[in-house]
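A.B. asks: Kindly generate the corresponding structure for this input.
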Amino acid sequence: MNQDEMKKAVAEAALERIESGWIVGVGTGSTANYFIDALAGIKGKIDGAVASSEASAERLRGHGIEVLDLNSAGPLPIYVDGADEATRHLHLTKGGGGALTREKIVAAASKTFVCVVDETKVVDYLGAFPLPIEVIPMARSHVARALSKLGGNPELREGFKTDNGNVILDVHNLRIMNPVELESELDHIAGVVTNGLFARRSADVMLVGSASGVEEMTAG
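C.D. replies: Model prediction:
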């Protein structure tokens with residue numbers, strides 16, 4: 001299997017976890033897009049979806065799936081999304097597509113977070129993929145200085161605005177040995193909206209696609 005085939009396989013495997021009448025939380029990115037396309041095949045079974053980005057909402061609507069606002073949907077039974085990096089502890093780096101804040105909100109509102117990745121995303125520790133930080137525009141320089149003091153090399157994602165109207169700093173050169181601790185530390189920098197570490201609320205289940213099929217990992 002090539003990488004796209006692996007993504008499609010894990011996306012389809014995630015469908016097996018969805019029950020009738022559920023409202024499904026849906027992530028953002030290439031693997032999430034495969035999941036949305038697969039979800040279209042069972043759209044009569046579900047009561048709708050909550051999307052973590054405008055792009056995913058548009059793709060869901062294109063398949064005739066009703067997109068609901070999280071405030072009206074309430075707690076969700078499941079959230080399915082990919083990751084840019086993932087460890088075997090199910091700690092994740094997300095936000096390569098810029099939707100990290102809404103992704104983190106939907107994940108927090110969901111009972112079960114199923115992460116779907118191909119084997120190239122699984123690493124021993126996080127940090128090779130630059131860590132995205134969503135920042136209030138007026139705080140960009142202040143936050144960048146604080147990130148530099150932590151040993152990172154922050155770069156503004158040029159020409160990009162999040163769905164929330166903010167900017168993203170991508171932090172290079174971090175070797176993240178304690179993601180739970182760093183996630184909290186980053187959140188306390190004034191001006192940071194969200195950082196791309198999903199460690200305090202990590203995935204509950206990770207489906208990993210490889211040439212030999214789909215492997216299921218849990219944090220236990």
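
A.B. asks: For the longest strand seen in the chain, which helices and strands make contact with it?
C.D. replies: The residue-count maximum for a strand in the chain (DSSP state E) belongs to strand 110-118. Counting contacts by 3 or more CB pairs under 8 Å, 6 or more residues apart in numbering; DSSP states H and E, strand 110-118 is packed against helix 3-15, helix 30-39, strand 76-81, strand 205-210. Placement of C-beta: from N, CA and C, glycine included.

A.B. asks: Show me which positions of it end up buried.
C.D. replies: For strand 110-118, a neighbour-count test (16 or more other CB atoms under 10 Å) marks 110, 113-118 as buried.

A.B. asks: Same check on stretch 2-11?
C.D. replies: Buried residues in stretch 2-11 (16+ other CB under 10 Å): 6-11.

A.B. asks: Now do the helices in this structure.
C.D. replies: 3-15, 30-39, 54-62, 70-73, 100-108, 140-149, 179-187 (DSSP state H).

A.B. asks: What residues of the third one count as buried?
C.D. replies: Of all the residues in helix 54-62, those buried under the rule 16+ other CB under 10 Å are 55-57, 59-60.

A.B. asks: Now tabulate the residues you listed in CSV and tack on pLDDT and distance to G152.
C.D. replies: Formatted as CSV, the buried residues of helix 54-62 follow (pLDDT from 0 to 100; distance: CB to CB, whole Å):
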residue, pLDDT, distance to G152
A55, 97, 27
S56, 98, 28
A57, 98, 32
R59, 98, 33
L60, 98, 35
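
A.B. asks: ok, of these, which one's closest to A144?
C.D. replies: Checking the buried residues of helix 54-62 against A144 by CB to CB gives A55 as the nearest, at 26.6 Å.

A.B. asks: Now that closest one: closest residue in space, sequence neighbours ignored.
C.D. replies: T28 (6.3 Å; CB to CB, 6 or more residues apart in numbering).

A.B. asks: That neighbour against G95, yeah?
C.D. replies: No: with contact defined as CB atoms under 8 Å, T28 does not reach G95; the gap is 9.3 Å.

A.B. asks: who touches both of those two?
C.D. replies: Shared contacts of T28 and G95, defined by CB atoms under 8 Å, 6 or more residues apart in numbering, comprise E103.

A.B. asks: any chance you could read off phi and psi for the residue nearest to A55?
C.D. replies: Here is the backbone geometry of T28 (degrees, to the nearest 10): phi -140, psi 140.

A.B. asks: Break this protein down into its domains, please.
C.D. replies: 3-122+200-218, 131-196 (automatic domain parsing).
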